[in-house]
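> return a 3D structure for these sequence lines:
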Amino acid sequence: MIHAVLIFNTSGVARLTKFYTPLHQSAQVVVQKIFSLVCSRPAGLCNFLDAPELEAFLGPKDGGEDERWQVVYRNYATLFFVFVVDGAESELGILDLIQVFVESLDRTFENVCELDLVFHFDEVHHILAEIIQGGLVLETNIDEIDASVQQAARSRKESFASANPLSLGGSGLGSRGANLKTPLGWLTEKLTGVGAR
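Coordinates of the predicted model:
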């Protein structure tokens, strides 16, 4: 099971934190501990490590010796993508899942960077929710994830346009705003001479 998904920069500032299990301490303390584990590793080492130190933060595993906390991460430019998993997950499978997540972000933001994660955190959480729910992997097909994200963006725009009386479409004008002209309608009347005196 996936217990946490974290994204932080090389300074240790968290850009996304999503925990799928209850924490025994504050999220900031957990992020700092995981950052200290990941950033101290040399670049030549593998991208996953056993982390018994996390038992104090996430609680002990019930499965005995075989069950252990693992940290699987990838470093892309200035960002660390970190998944905290238990022994039931394949380390290589999680590395592939991180790649799917990053490619999905890349399709949405066209060369994702740290500022995209800061200013569009709601879309980042939506993409993550398309991939993982409750600590279980739902979807790994990047085309399906991208189609769902684009559909949600279209629905969000349509909802905004229908709820905003000043939107350019004018379709959101209900009975109360029937006499209210949209900026585009007013400008069109002025340019075509319909509204001229």
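
> C-alpha from now on. contacts and neighbour counts both.
Noted.

> what helix or strand is Q150 on?
helix 142-163 (DSSP states H and E).

> pull the number of nearby residues for the nearest residue to D50 once chain neighbours are set aside.
In space, D50 comes closest to Q70 once its chain neighbours are excluded; the distance is 4.5 Å by C-alpha to C-alpha, 6 or more residues apart in numbering. Look at Q70: counted by other C-alpha atoms under 10 Å, it has 21 neighbours.

> and Q70, how far from L128?
Q70 is 20 Å from L128, where distance means C-alpha to C-alpha, to the nearest Å.

> check what pLDDT T10 gets.
On the pLDDT scale, T10 is placed at 89.

> low-confidence stretches in the chain?
With pLDDT under 70 as the threshold, the chain has low-confidence stretches at 56-67, 165-183, 186, 193-197.

> what's the residue at minimal distance from the centre of the chain in contact with, if anything?
The residue lying closest to the centre of the chain (C-alpha atoms, centre = their mean) is V124, at 2.5 Å. If you count contacts by C-alpha atoms under 8 Å, 6 or more residues apart in numbering, V124 has them with L105, L117.

> what helix or strand is it on?
For V124, the enclosing helix or strand under DSSP H and E is helix 121-131.

> between that helix and helix 142-163, how many degrees?
140 degrees (axes from the mean of the first three to the mean of the last three C-alpha atoms, to 10 degrees).

> before we move on, the earlier item: dump the helix holding Q150 to CSV, restricted to CA.
This file holds the C-alpha atoms of helix 142-163, laid out as CSV (Å, rounded to 0.1, in the frame of the first residue of the first chain):
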residue,chain,number,x,y,z
ILE,A,142,-1.2,8.3,-19.2
ASP,A,143,-3.7,8.9,-22.0
GLU,A,144,-6.6,8.0,-19.7
ILE,A,145,-5.3,10.2,-17.0
ASP,A,146,-4.8,13.1,-19.4
ALA,A,147,-8.3,12.7,-20.9
SER,A,148,-9.9,12.7,-17.4
VAL,A,149,-7.9,15.9,-16.4
GLN,A,150,-8.9,17.6,-19.7
GLN,A,151,-12.6,16.7,-19.2
ALA,A,152,-12.5,18.1,-15.6
ALA,A,153,-10.9,21.3,-16.9
ARG,A,154,-13.6,21.7,-19.6
SER,A,155,-16.3,21.1,-17.0
ARG,A,156,-14.8,23.6,-14.7
LYS,A,157,-14.7,26.3,-17.4
GLU,A,158,-18.3,25.5,-18.4
SER,A,159,-19.4,25.8,-14.8
PHE,A,160,-17.6,29.1,-14.4
ALA,A,161,-19.1,30.5,-17.6
SER,A,162,-22.6,29.5,-16.6
ALA,A,163,-22.3,30.9,-13.1
